[in-house]
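**Q** This is the structure alone, sequence omitted:
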């Protein structure tokens, strides 16, 4: 179980080199065809509604950050095409991955739904990371170690975490889904939200 943070922190702090509006390529797992995930996130948002210092993630921007590629203005189109093609090759023989959501985790900057077992999605991460690097781009995981999760709220304040934990608790109804694709998107910060333009979707199992 993840330790509970004593205090929340501002997720929207200034990030050097990343002004709002600058696009960065990410590999994300998205949930447009997964109403179960949207419903679970809506339950979480309902329990957190009214608490100060939180920015809820709208259902259209729910995502599981898989691999951070690089700024779009620094990645040639040929590299984008190559990494997508390589990812399709690598994932053609990987079946959709069953995972479970329901456990709530708390970080200073975000309230998230853990995606478990954590190692189940590692083949997808490894495939898109290898495809990105083979296309000549280093890229990186968003956190080390990589812990797959779906953020339901980001913090813009610095108050105590206890009221947030008390409102939502550490468990929501267990929800089982299968991850069947990973998407390359061009993402940027818009106000207090992450938004993106779709670039390509790679389906597991071809």
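**A** Yep, that arrived. Fair warning: this is a prediction, and the values are worked out from it, not measured in the lab.
**Q** Surely residue 58 is in contact with residue 193?
**A** Yes - using CB atoms under 8 Å, residue 58 is in contact with residue 193, at 7.1 Å. Bear in mind the C-beta positions are built from the backbone N, C-alpha and C, glycine included.
**Q** out of the two, which sits in the busier spot?
**A** Higher neighbour count among residue 58 and residue 193: residue 193, with 15 against 11, using other CB atoms under 10 Å.
**Q** residues contacting the residue nearest to the more buried one when sequence neighbours are not counted?
**A** Sequence neighbours aside, residue 61 is the residue nearest to residue 193 in space, at 6.0 Å (criterion: CB to CB, 6 or more residues apart in numbering). By CB atoms under 8 Å, 6 or more residues apart in numbering, residue 61 lies in contact with 193-196.
**Q** same check, this time on residue 156
**A** Counted by CB under 8 Å, 6+ apart, residue 156 has contacts 10-12, 53-55, 192.
**Q** can you give me the strands in the chain?
**A** For the chain, the strands defined by DSSP state E occupy 24-30, 54-56, 63-71, 97-107, 110-116, 149-155, 171-179, 181-189, 194-203.
**Q** And the last one, what's buried?
**A** In this case it means strand 194-203. Using 16 or more other CB atoms under 10 Å as the test for burial, strand 194-203 gives 194, 196, 199-200, 202.
**Q** And for the third one?
**A** Along strand 63-71, the positions that meet the burial threshold by neighbour count (16+ other CB under 10 Å) are 63-70.
**Q** next one: the fourth one
**A** Residues of strand 97-107 classed as buried by neighbour count (16+ other CB under 10 Å): 97, 99, 101-107.
**Q** quick one, it and strand 149-155 angle?
**A** 20 degrees (axes from the mean of the first three to the mean of the last three CA atoms, to 10 degrees).
**Q** Other residues contacting strand 97-107?
**A** Against strand 97-107 from outside (CB under 8 Å, 6+ apart): 2, 4-5, 37, 40, 44, 111-117, 120-121, 123-124, 147-150, 161, 164-165, 168-179, 204.
**Q** quick check: mean pLDDT across that strand?
**A** The predicted model assigns strand 97-107 a mean pLDDT of 98.
**Q** same question, the first one
**A** Regarding strand 24-30, the rounded mean pLDDT is 98.
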